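A.B. asks: Build the 3D model from these lines:
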Amino acid sequence: MRLKKSSFGAGAVLAVVALLSSTATANATVESKSQRFANWTYQQCVQGDASNANLYPRTCSTSVRLQYWTWSGVFNGNTKLVNLASGHCLDSNDAGDVYVLKCDAGSHYQVWQVHLPSGGTPWIVNTQTHRNLEQEANGTYKTMPPNQSELRQRFTIG
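C.D. replies: Here you go, the predicted structure:
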């Protein structure tokens, strides 16, 4: 009887060690991803500008590096969205303006979450303002108060 308890205890310890090891390995191997974000309503990709802070909605193209944004690849976690071509970060302010600026490690306005709802299409949330990225009908981008039924706040990723 003692042998069984010892075996079970040793097995449980080994299982916990294995679980912790695989978790640490999984976390250590999380790599950033460079992907395009296309607005659900307009099916246009968010495109940065190589020479200024502007954002443009453009027809998605795999050959346009200004449409690719590097991010952690982890849904619902904090990340910066860094334009692959310019190296600048997606940024915002309390007024809801959205633009790209030189990345600043101390800027909380450059921290976003790509939130993936259960069974839904992701939205992009600025963690400082708690507002969602939204493409307007006139082609500009703003952050707006979260509205889960507003498809202009939803983005496909790829």
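A.B. asks: and the residue nearest the centre of the chain, which of the three is it?
C.D. replies: Centroid check for the chain by CA atoms, centre = their mean gives Val114 as the closest residue, at 3.6 Å. On the three-state scheme (DSSP: H, G, I helix; E, B strand; the rest coil), Val114 is labelled strand.
A.B. asks: So for it, what's the pLDDT?
C.D. replies: Val114 carries a pLDDT score of 96 in this model.
A.B. asks: beta partners of it?
C.D. replies: Ile124 (DSSP bridges).
A.B. asks: does Leu101 count as helix, strand or coil?
C.D. replies: Classified using three-state DSSP, Leu101 is strand.
A.B. asks: Give me the number of neighbouring residues for it.
C.D. replies: Residues lying near Leu101 (other CB atoms under 10 Å) number 15. The C-beta positions use only the backbone N, C-alpha and C, and glycine is treated the same way.
A.B. asks: what's the longest strand in the protein?
C.D. replies: As assigned by DSSP state E, the longest strand anywhere in the chain is strand 33-39.
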